[in-house]
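[1] Here is the input, now give the coordinates:
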Amino acid sequence: MRTNLKGKLTLIIAILVVFVYGIFGVPNGVSKDAFTQALANRIHLGLDLRGGTHLVLQVMVDEAVSAVTDNDIQRVQADLDKAQLAVGSIAKLDPAHPDVITVAGTAPDKASDVRGVLETNYGNYVVTPGADNTWTLSMKHQAMLDIQHHAVTQSIETIRDRIDRLGVAEPIIQEYGLGENQVLVELPGVDDPARVKDIIQSTARLEIHAVTGGPYTSEQEALQANNGMTAPDVELVHGNGGGRADGDQVYALKRVAIVAGNDFRDAQPSTDENGRPDITFNLTTSAGNAFYNYTNSNIGKMMAIVLDNRVREAATIQSAIRDSGRITGGFTQDQAANLSLTLRTGALPASIRILEERTVGPSLGAASVHHGVVAAIFGILVVMAFMLFYYRGAGINADLALFLNLVILLGFMGFTGSTLTLPGIAGVILTIGMGVDSNVLIFERIREELHLGKAPAAAVDQGFAHAWITIIDTHVTTIVSAAILFLFGTGPVRGFAVTLTFGLLANLFTAVYVSRVIFDAHLARKQRGEALSI
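    All right, here's what the predicted structure looks like:
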């Protein structure tokens, strides 16, 4: 019996040491400041405790759908040309429905051939013939949902990459809401929220387009130069062509870019020959080869560098260009650095709109930490005092188990790098309550057995055996509730669910296993027939 107890006590002490290490790691010294810093390094404070910025972002997913159909227009044209099928125009006629492509002007005697090309190569669309030799390609609902979901996922990855490069510790970046295409961003300790918002919102969509006309002084002049309307595959884009003194200009550009988005491998801030900030970029190998082929076959024609739907550079192709270029346009050093960062991390698949913004100041966070810690300590002390008063010697057992429960919970947070929030502190306090509740169930069962005249050892054995099922039932139901909070909650609510769940698991170990070992050790030292202090 004693050998068995020594083994159990050794296991408990080993677990205690491991989780104390999880809380503090290896402090740089033995002073109070050293331990405080070690604790801060292991357990991070959330937005509501440290201060920072809370954002809810809306991903404009229709733009991602429109980008896909723009590329598909080019593919449809190429496939019909390859099949030697003449076509009048291919365009999206209704801006309110960017998922619908209209093919017009096909030969009546080639209808079956056109249908064959469209239905074979474009399974994501419903192909419908119309009047006057037209065909409508309507994107299937599931395909559109897939594009929208991918746009949200890619936006989260891109935003996380940008935030990580800014060095923000422990950010929360995740999908928000249910099917609303929103993203939650929480940035603890951010001291320049304006810059962060600019970088997050910047689509930084760098594209190179063929120029079909311009520069014009206005859109009216551009339309007059093109017989009052633009071709379906041409769009009018404003810009200044590299910062010239004649102000805003309008260019007619091919709608589909030569290279765009993820074709860019790298971008770095630089300076031009006059020492003014600019940006240099490099293309991926495949994009560089395609760009070389295009520029080699279009020498003497104009192309434009478009950034965030604005022309930054417009110039005549003098010779073949493979994989590098430069963007000028009156940047400041900060603008060049920020833009280079967003280009390196990839373009957002769609623009971002801020739906909700909330800032928590560091002083408010410090006050929250103080009040939360005071509440937790006060609650623990009151509970421990009550257990000692009401259960006498057995109360020491409960208090020791409660202390180990807290050590295990905080150690778990230290090992996993969890972020502690106000709801997380509430989870800790609730865990204390659940731990005490478990001890009360066990102790009351032991009292009942003693009142029935059983010996202390038998009463302890039966008390734990009978209380075990009730403890499991209460803990499992609470853990299920916490799991639902984790699955459907966001940010601090998830933190509360994680803290509560692991606290309950730790409580099962401390209230049942540790408390039983302490009782057994106490009973092993008692004389036969000696009463149990409970």
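
[2] ok, which stretches of the stretch 401-534 of the chain are helices?
    422-451, 456-488, 492-508, 515-525 (DSSP state H, counting those that start in this stretch).

[3] got the angle between the third one and helix 422-451?
    Spelled out, that is helix 492-508. Put simply, helix 492-508 runs at 30 degrees to helix 422-451, going by axes from the mean of the first three to the mean of the last three CA atoms, to 10 degrees.

[4] and what of the second one?
    For the pair helix 456-488 and helix 422-451, the angle between their directions (the same axes, to 10 degrees) equals 160 degrees.

[5] correct me, but residue 499 touches residue 431?
    Yes. The pair residue 499 / residue 431 is scored as a contact, 7.2 Å apart, by CB atoms under 8 Å. For every residue, glycine as well, the C-beta is placed using N, CA and C.

[6] that older thread, mind checking which of the helices of the stretch 401-534 of the chain is nearest residue 102?
    helix 456-488 (41.2 Å; CB to CB).

[7] what's the most buried one of the helices of the stretch 401-534 of the chain?
    Among these, the stretch with the highest mean neighbour count (mean count of other CB atoms under 10 Å) is helix 492-508, at a mean of 22.

[8] List the contacts of that helix.
    46-48, 405, 408-409, 412-413, 418-424, 426-428, 430-431, 434-435, 438, 471-472, 475, 478-479, 482-483, 485-486, 489 (CB atoms under 8 Å, 6 or more residues apart in numbering).

[9] again, 7 Å this time
    46, 48, 405, 408-409, 412, 418-419, 421-424, 426-428, 430-431, 434-435, 438, 475, 478-479, 482, 485-486, 489 (CB atoms under 7 Å, 6 or more residues apart in numbering).

[10] Need the CA coordinates for it. PDB is fine.
    Listed next in PDB are the C-alpha coordinates belonging to helix 492-508 (Å, rounded to 0.1, in the frame of the first residue of the first chain):
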ATOM      1  CA  PRO A 492     -12.700  35.700 -26.600                       C
ATOM      2  CA  VAL A 493     -15.700  33.400 -26.600                       C
ATOM      3  CA  ARG A 494     -13.400  30.600 -28.000                       C
ATOM      4  CA  GLY A 495     -10.800  31.500 -25.400                       C
ATOM      5  CA  PHE A 496     -13.400  31.000 -22.700                       C
ATOM      6  CA  ALA A 497     -14.400  27.600 -24.200                       C
ATOM      7  CA  VAL A 498     -10.800  26.400 -24.400                       C
ATOM      8  CA  THR A 499     -10.000  27.600 -20.800                       C
ATOM      9  CA  LEU A 500     -13.200  26.000 -19.400                       C
ATOM     10  CA  THR A 501     -12.700  22.700 -21.300                       C
ATOM     11  CA  PHE A 502      -9.100  22.100 -20.200                       C
ATOM     12  CA  GLY A 503      -9.900  23.300 -16.700                       C
ATOM     13  CA  LEU A 504     -12.700  20.700 -16.400                       C
ATOM     14  CA  LEU A 505     -10.300  18.000 -17.700                       C
ATOM     15  CA  ALA A 506      -7.800  19.100 -15.100                       C
ATOM     16  CA  ASN A 507     -10.500  19.000 -12.500                       C
ATOM     17  CA  LEU A 508     -11.400  15.400 -13.200                       C
END
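
[11] How far does it sit from its chain's centre?
    Taking the mean of its C-alpha atoms, helix 492-508 sits 21 Å from the chain's own mean (CA atoms, centre = their mean, to the nearest Å).

[12] ok, now stretch 166-179?
    With CA atoms, centre = their mean, you get 4 Å for stretch 166-179.
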